[in-house]
Each structure stands twice: as structure tokens, then as C-alpha cells.
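K.L.:
Give me a 3D structure for the following:
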Amino acid sequence: MLREILTEREIRALPKVEFHRHLDGSVRFDTILDIAKSHNIDLGSRDPAELKRKTRITTPMKDLDTVLKTFWTTQKVLASYESIRRITFENVEDGYYDGVVLLELRFAPVFIAHNKDVGYDEILEGVIDGVSLGMERYPLQVGIILIVPRAFDPGLSRDALDTALKYKNSIHRNGDRLCGFDLADAEERTDPAAFTGLVEHARKHGLGITVHTGENTSADHVRRALSAYKPDRIGHGIRIRDDDDLVRTVIEEKIHLEISPYSNYLTRSVPSLEEHPLPYLYRKGVPVSINSDDPCLMDIDLVHEYQICQQVFNLRREDFLRINRDSVSFSFLPEDIQDYIMKHHFSRG
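P.N.:
Next up is the predicted model:
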């Protein structure tokens, strides 16, 4: 029996759930140029070709830290309410054209505000209003996840978290779309205990918890993160492949893995795409979703990730439908929104 091969158009048409897309790491190149010009921002070069090389990762880099440094050029254009609103809207728009019906965007206010005259209120309002505009224009549901970067002072992140919670509980339109909390970067250089208070504060106020772990670190780091934070989801988490007991734990405790294959390849978190553990984990029963991570930064889109899953991992249409249908219940958005998504996009097939 011949395996069905989906065309790019057919893949794009599949209803998708995406949980792991960094809006502050995914800015269209034309938008970078436009905002830099209108805000008179020095990006270190006026040559578009050189700037594209500085703001895009297209081949595997030395390690994850090398990749993270590329964020700093893009970060400069997140310079005002207007630019943040625009970039957020464009992320929603890009998600829609990827076929996403349920999207959770994440961003780090501390990262965006660093070395700039832009406050947390401006940042939060820019993101929320950009999401609102996106949902007005396109028929998809969007949630917002606040990132705490481990490399920054936890005190600064507590201020950012409290600002986010203020909007979540306010009358600001779609402030309640703030639904999740994430820890990111510098896992191997930080003590988990430094962030347990922030995680519990977020959980107490109704935010779902996801944690970047097991991307460029070990299965032991994942085990430590599970013990310290008890997350609902894990960003990446691919290193659990090295520990059968941990795989069983993740399955039994129904902890969802947000996996981004090409990102893992570019950051050298896997030796090659062929050796990526996603198909193994999926077939073992680990709850997974397919994500783009930083699509503009990596010069890809989400459809590209599905093409990898089809061509390299031999996943089929029924696998994609199952992965996305099963992912809905792991969303941090409320159950009524999950029910809406299931009824309108996954009630058949």
C-alpha cells in the first residue's frame, strides 16, 4: 500500500495547534527594516544583505547560546507599543496562513525592555492589542504566554509577571488571553530554586506552566525541572529519549512536549534530523505538538516543520490529525475555547 504524500497546499490546509512560537524571536525581515528606519534604530549595518545574515539562522550553529545571540539584533526593533503591536499581529497572521486554528504566542517582557525606554505596560498592551487585532482579522484562537528568562534577575521578572497579572485580571480587552507562564534559557547555569517562587505565583493566579528544558541539556535536567516546577507542558524536552523511566513518567503524568524539529537541528540539540526523537516519542505515547519556535529567525514556517515530519519521520495525515486533535486539551486557554476548537475543526476525521 502506497503511503499518502501530502502536498504543501494540503499540509497548509490541515488544522493545526501551535503552542511554541516566540513572537519576540519571529519578526519579518521587511518589518525589521521598516521599524529600524522609522525609529532610527542602529542595527549595526545599513546593508540589507548583511542584516539578513545577522537576523537569520539557516545552517546549524555552534550551540544554543550562539543562536540566542542572534535574538539581540531583532530585539532592538521591539522598541515601542506600535512596533510590538505590529509584530504580534504579524505573528498571528503568519500563524493563520500556516493553518493554525489554536495559537499560543510567548514573549519575554524583560528581554524586550532590556536597554530600551519601553515599559512593561507598553509591552503588555502592545502584545494584547496585537493579538486582538489578529483575532479580529483572522478566524483563530490565540493565547499569550509570559516568558521569564533564567539569565535575567528574577526580581525584574517578578515585576513583569505582576504587570501581566494586572492585565489578565483587568477590563483591558483580551487581557484574559494571558494564560501561561514559561521559563526559558540558561537552564544549565541556574539553580531551579531561584524560580520556584515565580512559578508558584503564576500557578496560583491561574496561569498554565511550561518550562524550557531538555533541549540542549540532559534528561536529568528534565527530571529536576519536573520535580521543581511540576509543569503542565515542556518546551522541547527531547532529551527524555535518553531515559526510559522518564519517558514513562511523562506519559503517565500526561506532560505535553512542545517540539520544534528544525530548531533543534539548527541549535545542534540533535545531530541530524534523521536522529530526532520526535517520531519515537510520539509512537511511544508521549503527548506532543509540532511547533516552529522562531520561524522568521530560522527562515521557515510551520508548514516546513510538517514537511520534515512527513519526509523524514514518515508521519501521515492521520498522525497529524491525531497530534493536533490530542493537543487541544493541553492548551492553557479555557475549556470553552478548547471545546469550540474541537467542534469546529476536529469533529470529523
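
K.L.:
Could I get the full set of helices for the stretch 1-150 of the chain?
P.N.:
Along the stretch 1-150 of the chain, the stretches classed as helices by DSSP state H, counting those that start in this stretch are 8-13, 29-38, 48-55, 64-75, 81-97, 109-113, 120-137.

K.L.:
Read off the pLDDT value for the nearest residue to S260 once chain neighbours are set aside.
P.N.:
Nearest residue to S260 in three dimensions, chain neighbours excluded: D293, at 3.8 Å (C-beta to C-beta, 6 or more residues apart in numbering). For the C-beta atoms, the positions are set from N, CA and C on the backbone; glycine is no exception. Note for D293: predicted pLDDT of 97.

K.L.:
please renumber so the chain begins at 49
P.N.:
Sounds good: first residue 49 from here, last item D341.

K.L.:
Contacts only, for D341.
P.N.:
68-70, 73, 308, 310-311 (C-beta atoms under 8 Å, 6 or more residues apart in numbering).

K.L.:
Write a PyMOL command that selects only the buried members of those residues.
P.N.:
Buried residues among those (16 or more other C-beta atoms under 10 Å), as a PyMOL selection:
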select buried, resi 68+69+70+73+308+310+311
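
K.L.:
so of the contacts of D341, which ones are in strands?
P.N.:
Among the contacts of D341, the ones falling in strands (DSSP state E) are 68-70.

K.L.:
and N88, how many neighbours?
P.N.:
Neighbours of N88 under the rule other C-beta atoms under 10 Å: 7.

K.L.:
how close does it sit to D165?
P.N.:
13 Å (C-beta to C-beta, to the nearest Å).

K.L.:
How about D292?
P.N.:
The value you get for D292 to D165, if C-beta to C-beta is used, is 51 Å.

K.L.:
one step back: please identify which of the helices of the stretch 49-198 of the chain is closest to V259.
P.N.:
Evaluated with C-beta to C-beta, those place helix 112-123 nearest to V259, the distance being 15.3 Å.

K.L.:
report the angle between the axes of that closest one and helix 77-86?
P.N.:
50 degrees (axes from the mean of the first three to the mean of the last three C-alpha atoms, to 10 degrees).

K.L.:
So which other helices or strands are in contact with helix 112-123?
P.N.:
Judged by 3 or more C-beta pairs under 8 Å, 6 or more residues apart in numbering; DSSP states H and E, helix 112-123 is in contact with helix 96-103, helix 157-161.

K.L.:
Tell me where the model's unsure across the protein.
P.N.:
In the predicted model of the chain, residues 49-51, 112, 115-116, 397 satisfy pLDDT under 70.
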